[in-house]
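1. here is a sequence with its predicted model. Questions after.
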Amino acid sequence: MRRITLCLLLLMVCIFAGAQDLEFEVNKITFKMIRVEGGSFKMGATKEQLSEANADEYPVQKVTLETYYIGETEVTQELWTAVMGKNPSFFIGNEKRPVENVSWGDCQQFIEKLNAMLHKNKQLAPNLHFALPTEAQWEYAARGGRQSKGCKYSGSSAVGSVSWFYYSKGVTHMVGKKLANELGIYDMSGNVFEWCADWYHPHEFAEGEVPMDTARVLRGGSWSSPSKNCRVSNRFCQKPDTRAGNFGFRLAIIEN
């Protein structure tokens, strides 16, 4: 009991004490969360994005974030199945592919169940919980956080080295097979769009966009996207009950 209590105390302070990445296990499926050290960054259509930036990437904003954790990869089909008991994905056959065909609401149900499981078995401290990343957390991590090299995509300005996009045979792919970004995070450009926590609020309304507070943010582009939609500042949105074969998500850990 004393050992469990000590482990919990260490986990409760790890975000503030400079601890490194965290690993969890659910029904024999392991997954890793990458520590993203807090800092400030310019969010939106920065100079390397300008030739392809859309109206809703303006104006560029300075954003400051506290330290948090984000998934090393998109949530996989095997992790989803370990938590939820069944696989909703369209592209089956290899459970190390990202889970897809999930709505924003489906992600919330998964996260609620995951939190309950990991709090119960003492892997996750009471003051911490899994969540979808905010849009700012997503973009800061995609840009490489404090280690950012100012790339157009997550980890490179050469899209093919880091992204499964339009020329990827029309399917999802196993996570972690392209190059990681500066923080050791995979597939933040391409493979599947990733739901974020936020309602979509355009910086400027562009023709045809869904009005704010009716759609949730998706980021990163997908296997079906042109390269310009895989940029780190590109924004997309959809109604939260929408499911598609290119919609998945990535976890974050935040403090209560």
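-> On my side now, so go ahead. Because the structure is a prediction, the values reported are computed rather than measured.
2. let me see the ranges of the helices in the stretch 1-150 of the chain.
-> Counting by DSSP state H, counting those that start in this stretch, the stretch 1-150 of the chain has helices at residues 2-13, 77-84, 104-120, 135-142.
3. winner for burial among those?
-> By mean neighbour count, with neighbours taken as mean count of other C-beta atoms under 10 Å, helix 135-142 ranks first of those at a mean of 24. The way it works is simple: take the backbone N, C-alpha and C, and place the C-beta from them, glycine included.
4. over the helix or strand following it, what's the mean pLDDT, rounded is fine.
-> Following helix 135-142 in sequence order, the next helix or strand is helix 159-162 (DSSP states H and E). For helix 159-162, the mean per-residue pLDDT is 97.
5. tell me the contacts of residue 59?
-> 44, 203 (C-beta atoms under 8 Å, 6 or more residues apart in numbering).
6. any chance of TSV for the helices of the stretch 1-150 of the chain, columns mean pLDDT and distance to residue 230?
-> As requested, the helices of the stretch 1-150 of the chain are exported to TSV (pLDDT from 0 to 100; distance: least, C-beta to C-beta, whole Å):
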stretch	mean pLDDT	distance to residue 230
helix 2-13	45	34
helix 77-84	98	21
helix 104-120	98	20
helix 135-142	98	10
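7. need these in TSV (columns: distance to residue 187).
-> Formatted as TSV, the entries for the helices of the stretch 1-150 of the chain read as follows, by distance: least, C-beta to C-beta, whole Å:
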stretch	distance to residue 187
helix 2-13	26
helix 77-84	14
helix 104-120	16
helix 135-142	10
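8. among the ones you listed, which is nearest residue 31?
-> Ranking the helices of the stretch 1-150 of the chain by their distance to residue 31 (criterion: C-beta to C-beta) puts helix 77-84 first, at 5.6 Å.
9. contacts for the closest one?
-> With C-beta under 8 Å, 6+ apart as the criterion, helix 77-84 contacts 26-29, 31, 87-89, 92, 94-99, 102, 109-110, 113-114, 117.
10. try 7 Å
-> For helix 77-84, contacts defined as C-beta atoms under 7 Å, 6 or more residues apart in numbering pick out 26-27, 29, 31, 87, 89, 95-97, 99, 110, 113-114, 117.
11. between the helices of the stretch 1-150 of the chain, which gets nearest to residue 55?
-> Once those are compared by C-beta to C-beta, helix 135-142 is nearest, at 16.1 Å.
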